[in-house]
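> Predicted coordinates and the sequence they were generated for:
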Amino acid sequence: MKFSTPGSTQESELKAGLSDYNLDILSRKRAGLIWRLIFQASTIVGIIALMILILNIINSAYGYTALKAKVDPDTLAVEGVPLEEQNHGQLVAVLQSHISGPAYKKLDNEKPFSERSEADVRALVIARVVRLQVEKTWNLWDSLSKSGEINTEVARDYPDAELRFTSWLNSDFINRPQTSEPVTAGIRTAIYGSLWTILFTVLVAFPIGVGAAIYLEEYATDTWINRLIQTNINNLAGVPSIVYGILGLAIFVRALEPLTSGQIFGIVDPTTANGRTVLSAGLTLGILVLPLIIINAQEAIRAVPVSLRRASYGIGATKWQTTWSHVLPNSIPGILTGTILAISRAIGETAPLVVVGASTAISFDPASPFSKFTTLPIQIYQWTSRPQDEFRALAAAAILVLLMLLLTLNAAAILLRNRYSGRF
């Protein structure tokens with residue numbers, strides 16, 4: 001008969017414990033590996049979806065186009081000078097002689113021809129006189145893979161049309177104003193409108209948002225009124241954007257019409273006397289992104305260590321000196337990151353601007369805060385709602401410009417954030 005000693009019992013228990021520990025380690029490592037693979041798969045799926053989206057946009061922005069001119073450009077030569085080489089005065093004369101008097105007067109009233117560039121007038125001649133019409137378009141993939149079939153189809157079905165490989169995204173597209181003809185349409189007016197609108201959005205939302213965040217985190221006490229304010233800010237961050245559009249219509253367009261139309265400054269434009277201006281749009285978008293900026297700025301300020309504040313108080317600094325010299329500089333990177341995200345949302349908004357009164361057809365650039373305006377998202381929405389394929393190609397080109405504009409603004413903000421981060 002064998003008896004177990006106390007030493008052998010402890011050794012057995014130790015081995016059993018080590019075995020259980022190893023099994024637990026393996027189980028945790030296995031779970032960690034599974035979650036890692038899930039996270040990697042999510043990232044890959046997101047990248048693939050983004051690539052498919054961008055490729056689909058690029059596929060629509062390039063390709064063959066069958067064009068037919070209602071008026072042969074060669075018949076518009078002036079004293080032997082072809083249309084492509086005519087100067088500003090010759091182009092104006094061609095336009096005046098080929099369109100009706102009221103139509104010419106309307107164009108001159110929108111923007112005097114003396115103030116229009118030569119490229120603008122030439123675009124008007126092509127749009128109003130030559131009137132290039134798109135018979136059919138093909139996307140990039142079909143243009144590359146079915147080139148022979150496309151040439152045969154054009155020769156058979158559109159014998160009077162000219163087949164061109166068209167890049168809808170080009171310098172002329174960016175520099176031309178909006179027109180009703182797809183061949184001469186541009187987005188210069190929409191780009192200026194977006195930049196004007198975002199400028200006022202930042203000027204309004206950034207200082208107010210950061211100021212409110214500083215008060216709520218550094219000065220506000222735990223009272224019911226401050227808790228109510230914080231709760232409402234959190235709720236406002238999730239309100240649909242069209243609600244802000246209705247708010248902007250009621251307050252900025254109607255109640256504050258003398259301000260937003262420029263009436264109180266004595267610079268009223270008859271076309272914008274109803275308050276549907278760049279300023280109204282900027283203020284509306286500023287209110288829309290304000291809760292986002294406040295919440296992100298609060299998180300950035302809250303992340304500053306309490307020990308830094310105590311050290312500042314320990315050497316005799318006041319509350320404001322501590323906030324200005326220590327808390328705010330250390331929270332600047334986080335604040336700017338939140339602002340980037342908020343402005344990225346604002347630049348792509350459409351619904352509130354439609355309610356406020358953004359123009360869907362405008363051929364002159366906004367020159368002041370009290371000008372009529374349109375924006376790139378509005379322009380894209382208008383083109384995608386048209387049934388013709390060529391307008392969807394224009395929308396694809398405009399989307400690429402919007403993405404480049406957004407990336408440029410974000411890159412500038414990130415450089416600014418990194419500069420301040422390195423300084424402090």
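Sure, I can see it.
> Going by contacts, tell me the helices and strands next to the helix or strand containing residue 344.
Counting by DSSP states H and E, the element that carries residue 344 is helix 328-347. Contacts defined by 3 or more C-beta pairs under 8 Å, 6 or more residues apart in numbering; DSSP states H and E place helix 328-347 against helix 188-214, helix 278-302, helix 389-423. Backbone N, C-alpha and C define where each C-beta goes, glycine included.
> Looking at those helices, which is nearest to residue 230?
helix 278-302 (8.6 Å; C-beta to C-beta).
> Quick one: name whatever helix or strand follows the closest one.
helix 306-314.
> Distance from the chain centre to that following helix, please.
41 Å (C-alpha atoms, centre = their mean, to the nearest Å).
> Could you give the separation of whichever helix or strand comes after it from the chain centroid?
Using DSSP H and E, the helix or strand that follows helix 306-314 in sequence is helix 319-322. Its chain's average C-alpha position is 37 Å from that of helix 319-322, according to C-alpha atoms, centre = their mean.
> Now do the buried residues in stretch 295-306.
By 16 or more other C-beta atoms under 10 Å, the buried positions in stretch 295-306 come out as 295, 296, 297, 298, 299, 300, 301, 304.
> do the same with stretch 70-86
For stretch 70-86, by 16+ other C-beta under 10 Å, it's 76, 78, 83, 86.
> same thing with stretch 144-160?
150, 153, 154.
> what helix or strand does the first one sit in?
Just to be clear, that refers to residue 150. helix 147-157.
> From residue 71, how far out is residue 267?
41 Å (C-beta to C-beta, to the nearest Å).
> cool, residue 291 as well?
Taking C-beta to C-beta, one finds residue 291 at 55 Å from residue 71.
> What of residue 30?
74 Å.
> Residue 26: neighbour count?
10 (other C-beta atoms under 10 Å).
> one step back: ok, of the buried residues of stretch 144-160, which one's closest to residue 247?
residue 150 (50.4 Å).
> before we move on, back to that, adding distance to residue 312, write the buried residues of stretch 295-306 out as a markdown table.
Below are the buried residues of stretch 295-306 laid out as a markdown table (distance: C-beta to C-beta, whole Å):
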| residue | distance to residue 312 |
| --- | --- |
| 295 | 25 |
| 296 | 24 |
| 297 | 20 |
| 298 | 20 |
| 299 | 21 |
| 300 | 18 |
| 301 | 14 |
| 304 | 11 |
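> could these be laid out in CSV, adding pLDDT and distance to residue 337?
Formatted as CSV, those follow (pLDDT from 0 to 100; distance: C-beta to C-beta, whole Å):
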residue, pLDDT, distance to residue 337
295, 92, 12
296, 91, 7
297, 92, 10
298, 92, 13
299, 91, 10
300, 90, 8
301, 90, 13
304, 88, 15
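> now the strands: where do they sit in the stretch 51-200 of the chain?
62-69, 132-137, 162-167 (DSSP state E, counting those that start in this stretch).
> Now residue 214: closest residue in space that isn't a chain neighbour?
Excluding the flanking residues, the one nearest residue 214 by C-beta to C-beta, 6 or more residues apart in numbering is residue 323, at 6.3 Å.
> burial measure for residue 183, as a count.
Neighbour number of residue 183 under other C-beta under 10 Å is 21.
> so it makes contact with residue 127?
Yes. With contact defined as C-beta atoms under 8 Å, residue 183 reaches residue 127; the gap is 7.5 Å.
> Report the residue spans of this protein with pLDDT below the cut-off.
1-23, 268-273, 360, 420-424 (pLDDT under 70).
> Out of the helices and strands packed on helix 328-347, which is closest to residue 55?
helix 389-423 (11.1 Å).
> got the buried residues for the closest one?
Quick answer for helix 389-423 (16+ other C-beta under 10 Å): 389-402, 405-406, 409, 413, 417.
> Could you measure from the residue nearest to residue 199 when sequence neighbours are not counted over to residue 239?
Leaving aside its chain neighbours, residue 199 sits nearest to residue 282 (6.9 Å; criterion: C-beta to C-beta, 6+ apart). As defined by C-beta to C-beta, residue 282 lies at a distance of 19 Å from residue 239.
> What's the local residue count around residue 347?
Using other C-beta under 10 Å, residue 347 has 22 other residues around it.
> Equivalent analysis for residue 356, please.
So residue 356, with other C-beta under 10 Å, has 27 neighbours.
> Give me the distance from stretch 116-135 to the chain's centre.
28 Å.
> Need the residues that contact it.
Where contact means C-beta atoms under 8 Å, 6 or more residues apart in numbering, the residues beyond stretch 116-135 that reach it are 65-71, 73, 76, 83, 86-88, 91-92, 94-95, 98-99, 103, 107, 113, 158, 161, 172, 175-177, 179-184, 186, 388-390.
> which residues touch the residue nearest to residue 414 when sequence neighbours are not counted?
Using C-beta to C-beta, 6+ apart and skipping the chain neighbours, the partner closest in space to residue 414 is residue 340 (6.9 Å). Contacts for residue 340 (C-beta under 8 Å, 6+ apart) come out as 410, 413, 414, 417.
> again, only using 7 Å
Listed by C-beta atoms under 7 Å, 6 or more residues apart in numbering, the contact partners of residue 340 are 410, 413, 414.
> so the second one touches residue 338, yeah?
By that I understand residue 413. No. Counting by C-beta atoms under 7 Å, residue 413 stays clear of residue 338, with 10.5 Å between them.
> From residue 301, how far out is residue 308?
Following C-beta to C-beta, the distance that separates residue 308 from residue 301 is 11 Å.
> do the same with residue 28
Taking C-beta to C-beta as the measure, residue 28 and residue 301 are separated by 36 Å.
> Looking at residue 282 and residue 239, which is more packed in?
Just comparing residue 282 and residue 239: by other C-beta under 10 Å the higher neighbour count belongs to residue 282, 27 against 12.
> quick one: the more buried one and residue 200 touch, right?
Yes. Taking contacts as C-beta under 7 Å, residue 282 lies within contact range of residue 200: 2.5 Å.
> Next, the residues that contact stretch 220-227 from outside, please.
residue 216.
> Dump it to CSV, restricted to CA.
The C-alpha trace of stretch 220-227 is given here as CSV (Å, rounded to 0.1, in the frame of the first residue of the first chain):
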residue,chain,number,x,y,z
ALA,A,220,-18.8,75.2,-15.4
THR,A,221,-19.9,73.6,-12.1
ASP,A,222,-22.0,70.5,-11.7
THR,A,223,-25.4,72.2,-11.7
TRP,A,224,-28.7,71.1,-13.3
ILE,A,225,-28.5,73.9,-15.9
ASN,A,226,-25.0,72.9,-17.0
ARG,A,227,-26.1,69.3,-17.1
